[in-house]
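Novice: this one's structure only:
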């Protein structure tokens, strides 16, 4: 009968479920773009504070990759696939960018190991860590090595002895300073730290401005290291501007959503503006807060770590605003000059709560 | 020192009072637990759990006399649901009670049926029709696949067959399920 | 130009959406071509939502073109018509286009090549017809939603009691990649499409009709504007190209700003949405008396040598259509029915074209995303940014994966329209939408099992009650029997005693009488009657029931 060849019992075609199309985006490309977006800030960083950060980045990245690989092997996970996702590299970059440029290498290694092994892999690896690994590593170091973690270098142009690449390497790896140079000659507190100390001593912001100069000429004449730059912390304003540019690029490329950075910076600006208008002598201006310390790095790169941030748009706004306010509170009244790490970790803790209560309105509800 | 002791004691008393009030104020009336457990059980009434039906098993669980992993027809889903309801730990099915099998339905070989009505008496849900000396048949929609009709059959004419899946009962599989490897497609298309 | 053409209408937008690669241009280069009549037509009896149709012919019978070969079974159902004249050569289960790859009942017709029509009539003026009568013609023509859903159109065109339909939306968005059948239809047959829309609006008694077309189809927009010009209460609106604008709920939102409430039909907000292919079929049914027996289908993809749109007979095996478009069969990596976002991969190439087949993609290896390892979710939120329904796929994913189905429902799993935008954007390559399809199916299964369990419980309880009752009755009977027996025994015993006493008395009396008789010569009295067996013990009627109760 003719029906015989109607049913062909051949082998079926290759089937897969829809969609049969995929945006060319992977975890690796996301992480890579985050890393690339750090470049403008990094260039400003090197320009104002020398090559120490590059050496720190190298140490942290190598440590992170080795630690990640070993942990993945121990956990019997595919090593190559997870190393290629570049998440460990981004963690290392963020941590290294937050560390003082003269930090001894073993401290950087310790912090990186803590971030990767304990804060990330022991929680289950990529996607499962409740706390931002880089910030966990940073806070562990800050608490364990408070002295080493709070010295900084003055901006290159105002330094008595700006270190070159090899001198930085020697200092980081061996602790040896160039002959005849004391540690005091090359280190200086950060603007945020200096400001906090002098405000604590009872000086007004105007006094401090007068004492430390508002341009390099006066500062040189007064033989002090300036705190204030053109609109933010001396030197730091440009590093922050660099991270701002990189962050805006990430938003433009839709790698991160605008909600968290806008909320962090908006809250920081709002609260600092309130206090600044209330008593300008005791409180630094909003611009100073936005362009000092790790404000931009924190707002665009650290708080936006998707794994540990809130999920919904409204939740992200709340999460970001919480970070901005905590940042200001700790900077102004807390025991530490900068507080991105503490603010982010504290808000990480409430993320499950935020996620549970802040859901977008579903279509038709 | 004394003030600290007083404050802490005061707090303890306060919270105790609040808890005590809440216990009275929000007390749940009755014991709907057996109903709730029974609602989760698959109502196969097969007795594989060692109790004569689902409700007796539910009563036993509620009374703490039976574990939650004794229901093979319910399978994993029932164990998880019971664990969630009773806030107990999820554990694998007790192998003593049987193993998880695909859903079955009884099928009587009508040629061999002698019309003894023994299966009719065994069926817990009255899903077999027939009369003495008459051929019996299973109402497939009502059959729970409990397998209780098979042992009493003297003619050995009852078989348990897996419930047939057709295009209308088909459901998308989980992406987590191991996929069968697709054969090379070239051969397939060339054969057309 | 007409002022109406340049008029700007307010548009709304929905959250999310994506811009996948369109892949539409290659199949729009040539006009629609008639599909060849194949050596045999396979007509599945279930090409629509609802109950499968019932065959009206048996194997060996001859059928004419346009003749109903299977009738609708129940309200939500649709008949199937013979696309050409020929002989029914088989009725049975054959593979059909379905993600399961399973077979379903089909009728196979061998065309005789004469293409001879059954008697058919057009409607002189549909405006004189009652909407219900009009809907009935549409129903008898077997018209279902040709956009892909396959819902019987006559039901959609029924506004129901006390419900006025404000706006009839004509869906010409065609947002999915690859598909161009609606585009080509609107370009070439705009007048018929619009005429069908006017008929549908009459059937529905809709106040106005709005035609929504994405701005990536300028030719279709132009043709439709020209065609709609002569109709009052009808406007053509250009909408931005954004996937999935073609979803009926989302298109309604874009065009009217109204949101169809969750779990409700668009009817509830005074809207109905139908596809351009459907109104074309309505036009053919009313003005030409032709039932739905062919449709326009896009045949495209990297393995297709001459991608184009075919006006093909329902039931044509797809390999015939692919051959007509010069397809290199050995280059097919994946064969998809529908678009690349929501279509499903077919298991074989010889499946029949059905009413809902808008597109056949014979994708070459380069077009198909390479299978990539699934990474953990990094909660980046790209999926919820892309979700047009504002769901949180990253959360739903956890619940679906861990089978926390209740939580998944709490996070509005059933509002998911399965557009696949979440899977498309996921950097971790998680098959999100597949998890949601699976979870929905699992919930449906559980619910039907629960229902079945409820029935089983009731049957079990009823049986238990009956068994108890029977036992109680048996016991009662036994008790009564026993009592009766006892009583009987007792009476017997009592009677025996009485009898013996009587006998003794009689004996004495007899003796006395004999003595007296001896004296007076009188007759002895008759012996007392023995007591009859007592019937009261079994007076209650026997309630024994048959072994099987059919409840």
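Specialist: Thanks, I have the structure now. For clarity, every value in this text was computed on a predicted model and none was experimentally measured.
Novice: nearest residue to residue 63 other than its sequence neighbours?
Specialist: As the question left the chain open, I've gone with chain A. Residue nearest to residue A:63 in three dimensions, not counting chain neighbours: residue A:112, with 4.1 Å by CB to CB, 6 or more residues apart in numbering or on different chains. (Glycine included, C-beta is placed from N, CA and C.)
Novice: looking at chain C here, not the other one
Specialist: Per CB to CB, 6+ apart, closest to residue C:63 is residue C:82, 4.2 Å.
Novice: Next: residue B:152.
Specialist: Per CB to CB, 6+ apart, closest to residue B:152 is residue B:118, 4.2 Å.
Novice: per-residue pLDDT, that neighbour?
Specialist: With respect to pLDDT, residue B:118 scores 89.
Novice: do the one 10 residues further on as well
Specialist: Note on residue B:128: pLDDT of 90.
Novice: before we move on, what about residue A:332?
Specialist: Residue-level pLDDT assigned to residue A:332 equals 88.
Novice: Now do the contacts for residue C:368.
Specialist: When contacts are counted by CB atoms under 8 Å, 6 or more residues apart in numbering or on different chains, residue C:368 touches A:16, A:20, C:333-334.
Novice: what's the distance between it and residue C:362?
Specialist: 11 Å (CB to CB, to the nearest Å).
Novice: wait, the residue nearest to residue B:152 sits on residue B:157?
Specialist: No. Using CB atoms under 8 Å, residue B:118 is not in contact with residue B:157; the gap is 11.1 Å.
Novice: who has more neighbours, the two?
Specialist: Taking neighbours as other CB atoms under 10 Å in any protein chain shown, residue B:118 and residue B:157 compare with residue B:157 leading, 19 against 16.
Novice: Show the contacting residues for the closest residue to chain C within the stretch 151-300 of chain A.
Specialist: Nearest to chain C, among the residues of the stretch 151-300 of chain A, is residue A:257, at 6.6 Å (CB to the nearest CB). Contacts for residue A:257 (CB under 8 Å, 6+ apart) come out as A:251, A:304, A:313, A:316, C:381, C:385.
Novice: Pull the number of nearby residues for the one residue in chain C that gets nearest to chain B.
Specialist: Residue of chain C nearest chain B, by CB to the nearest CB: residue C:441 (3.2 Å). Neighbour count of residue C:441, defined by other CB under 10 Å: 16.
Novice: Over to residue C:20?
Specialist: Residues contacting residue C:20 under the criterion other CB under 10 Å number 22.
Novice: neighbouring contacts of stretch C:437-450?
Specialist: A:17, B:39, B:42, B:77, B:171-175, C:396, C:399-400, C:403, C:405, C:408-409, C:413-414, C:416, C:418.
Novice: out of these, which are inside helices?
Specialist: B:39, B:77, C:396, C:399-400, C:405, C:408-409 (DSSP state H).
Novice: Mind naming the longest helix for chain A?
Specialist: Max-length helix for chain A by DSSP H is helix A:52-74.
Novice: Would you agree residue B:172 is in contact with residue C:434?
Specialist: Yes. Assessed by CB under 8 Å, residue B:172 is found in contact with residue C:434 at 6.8 Å.
Novice: quick one: common contacting residues for the two?
Specialist: Common neighbours of residue B:172 and residue C:434 are listed as residue A:17 (criterion: CB under 8 Å, 6+ apart).
Novice: related to what we said a few turns ago, what is the neighbour count of the residue nearest to residue A:63?
Specialist: By other CB under 10 Å, the burial measure for residue A:112, its neighbour count, is 31.
Novice: List phi and psi for it.
Specialist: phi -70, psi -40 (degrees, to the nearest 10).
Novice: which residues of chain B fall in strands?
Specialist: Ranges of strands within chain B are B:104-108, B:128-129, B:137-138, B:158-162, based on DSSP state E.
Novice: Throw the ones you listed into a markdown table and include distance to chain C and mean neighbour count, thanks.
Specialist: Output for these, formatted as a markdown table (distance: least, CB to the nearest CB, whole Å; neighbours: other CB atoms under 10 Å in any protein chain shown):
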| stretch | distance to chain C | mean neighbour count |
| --- | --- | --- |
| strand B:104-108 | 11 | 19 |
| strand B:128-129 | 5 | 20 |
| strand B:137-138 | 11 | 17 |
| strand B:158-162 | 15 | 15 |
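Novice: any chance of those in a markdown table, plus distance to chain A?
Specialist: Below are the strands of chain B laid out as a markdown table (distance: least, CB to the nearest CB, whole Å):
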| stretch | distance to chain A |
| --- | --- |
| strand B:104-108 | 26 |
| strand B:128-129 | 36 |
| strand B:137-138 | 31 |
| strand B:158-162 | 22 |
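Novice: any chance of those strands in a markdown table, plus distance to residue A:136?
Specialist: Formatted as a markdown table, the strands of chain B follow (distance: least, CB to CB, whole Å):
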| stretch | distance to residue A:136 |
| --- | --- |
| strand B:104-108 | 53 |
| strand B:128-129 | 66 |
| strand B:137-138 | 63 |
| strand B:158-162 | 52 |
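Novice: follow-up on the earlier one: now do the contacts for the residue nearest to residue A:63.
Specialist: Neighbour list for residue A:112: A:59-60, A:63-64, A:67, A:91-92, A:95, A:137 [criterion: CB under 8 Å, 6+ apart].
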